[in-house]
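Student: Sharing a model that was predicted from the sequence below.
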Amino acid sequence: MSKAVSTLTLQKYKRDGRKIVALTAYDYSMAKILDKAGVDLILVGDSLAMVALGHRTTHAVTMEEMLHHTRAVTRGVTNAMVVADLPFMSYQVDVIQAITNAGRFVKEAQAHAVKLEGATRLNLEIIERLVGMGIPVMGHLGYTPQAIHGLGGARVQGRSADEAVKLIDDARALEMAGCFSVVLEMVPTAVAKAVTERVKIPTVGIGAGNVCDGQILVTDDLMGKFTDFLPRFVRRYADLSQVCQDAVGKYAEDVKSANFPNASESFLLPKEEEEELMRKLAQESVSSGEIC
Ligand code: KIV
């Protein structure tokens, strides 16, 4: 059995030029599949609000919902590092709120680390405090979905020189504060490359080109399970939505034609036991007056 992935493993992968494989998961069975397939980092992303709970943005998901799903994921994982996303408004109020909620992910759901979006002064203070108490933190820069309304939509970030410089400064600030890694979402490849070359911590890209130290996607997008929209940066490796629809269609046909369940899918009594039972049931019906 391979050794469990830690923050040190991921940082070594960057030094060795070995790309980090990361994906999201929201439940036990998918977490188990990803872990068995050798995924290094599993994120219980707040994207669960959209792909698993059907909300339009990531805002609505609560701490209790995130904890519930994180517990399910950690039960399915042996090797990968599990990172839980701090949901919207679970860390933006103050350091105490952030520490309390990050601690719940580790204590109540066995997460190995937490992720938060942006590099505000408050975030940097939160990161320092969490890292100081032994809770690893992953940063998230570029397009940060919790700020969708402030950013004017899901748009590429860091296009201008000023924005690119700010992104590099923010990545450096996250590194200085103690983040073990940073997600770069929807930034031009050239900017992702500049950030990746300037920080020692691994960058994990989503819509940031192939220059990052690793890649992450929302598993439901990659699997073709979530089909409401398809971001340009997603590559679909399966069409689970169609596979599931076909399977359910066949099941419906079999139920309607009584082709399901067959004998091997049922509990049949041995012939003599069945005959004896039928005789007794017939007598029972006669004595209770059902059959005249
Ligand atoms: O919530 C999420 O799934 C994420 C990834 C897209 C990085 O933050």
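Tutor: The structure has been received and is ready for your questions. Since we're looking at a predicted model, the values are computed, not measured.
Student: show me where this protein has helices.
Tutor: 7-16, 28-36, 48-51, 63-75, 95-109, 121-132, 148-151, 161-177, 189-198, 219-222, 240-256, 271-287 (DSSP state H).
Student: now these in TSV, with mean neighbour count, distance to the ligand and mean pLDDT?
Tutor: Quick note: C-beta positions are derived from backbone N, CA and C, even for glycine. Output for the helices of the chain, formatted as TSV (neighbours: other C-beta atoms under 10 Å; distance: least, C-beta to the nearest ligand atom, whole Å; pLDDT from 0 to 100):
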stretch	mean neighbour count	distance to the ligand	mean pLDDT
helix 7-16	16	15	98
helix 28-36	18	13	98
helix 48-51	23	7	98
helix 63-75	20	10	98
helix 95-109	18	14	98
helix 121-132	18	15	98
helix 148-151	12	12	98
helix 161-177	17	15	98
helix 189-198	19	14	98
helix 219-222	22	9	98
helix 240-256	12	17	98
helix 271-287	10	54	93
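Student: Please identify which of those is closest to residue 204.
Tutor: Of all those, the one in closest proximity to residue 204, counting by C-beta to C-beta, is helix 7-16 (8.7 Å).
Student: and the angle from that closest one to helix 121-132?
Tutor: Per axes from the mean of the first three to the mean of the last three C-alpha atoms, to 10 degrees, the angle that helix 7-16 makes with helix 121-132 is 110 degrees.
Student: show me what contacts the residue in the chain that the ligand sits nearest to?
Tutor: Closest contact between the chain and the ligand, by C-beta to the nearest ligand atom, is at residue 45 (2.3 Å). Residue 45 makes contacts with 24, 26, 85, 115, 218, as judged by C-beta atoms under 8 Å, 6 or more residues apart in numbering.
Student: Ok, residue 30 next?
Tutor: Residue 30 neighbours (C-beta under 8 Å, 6+ apart): 76, 219.
Student: Equivalent analysis for residue 235, please.
Tutor: Counted by C-beta under 8 Å, 6+ apart, residue 235 has contacts 217, 222.
Student: how about it, phi and psi?
Tutor: phi -110, psi 130 (degrees, to the nearest 10).
Student: contacting residues for the nearest residue to residue 23 once chain neighbours are set aside?
Tutor: Excluding its sequence neighbours, the residue lying closest to residue 23 (C-beta to C-beta, 6 or more residues apart in numbering) is residue 219, at 4.8 Å. For residue 219, the contact set (C-beta under 8 Å, 6+ apart) comprises 23, 24, 25, 30, 34, 225.
Student: Neighbours of the second one, how many?
Tutor: The one in question is residue 24. Counted with other C-beta atoms under 10 Å, residues neighbouring residue 24 total 29.
Student: Test for you: state the pLDDT assigned to the closest residue to it other than its chain neighbours.
Tutor: Spatial nearest neighbour of residue 24, chain neighbours left out: residue 45 (4.3 Å); criterion: C-beta to C-beta, 6+ apart. At residue 45, the model reports a pLDDT of 98.
Student: for residue 2, same thing?
Tutor: Reported pLDDT for residue 2: 64.
Student: repeat for residue 232
Tutor: 96.
Student: Spit out the contact partners of the nearest residue to residue 55 once chain neighbours are set aside.
Tutor: Among residues not flanking residue 55 along the chain, residue 49 sits closest, at 4.4 Å (C-beta to C-beta, 6+ apart). Counting by C-beta under 8 Å, 6+ apart, residue 49 touches 55, 57, 58, 59, 60, 61, 87.
Student: For PyMOL, write the selection for the buried entries among the residues you listed.
Tutor: Only the buried members of these enter the following PyMOL selection, criterion being 16 or more other C-beta atoms under 10 Å:
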select buried, resi 58+59+61+87
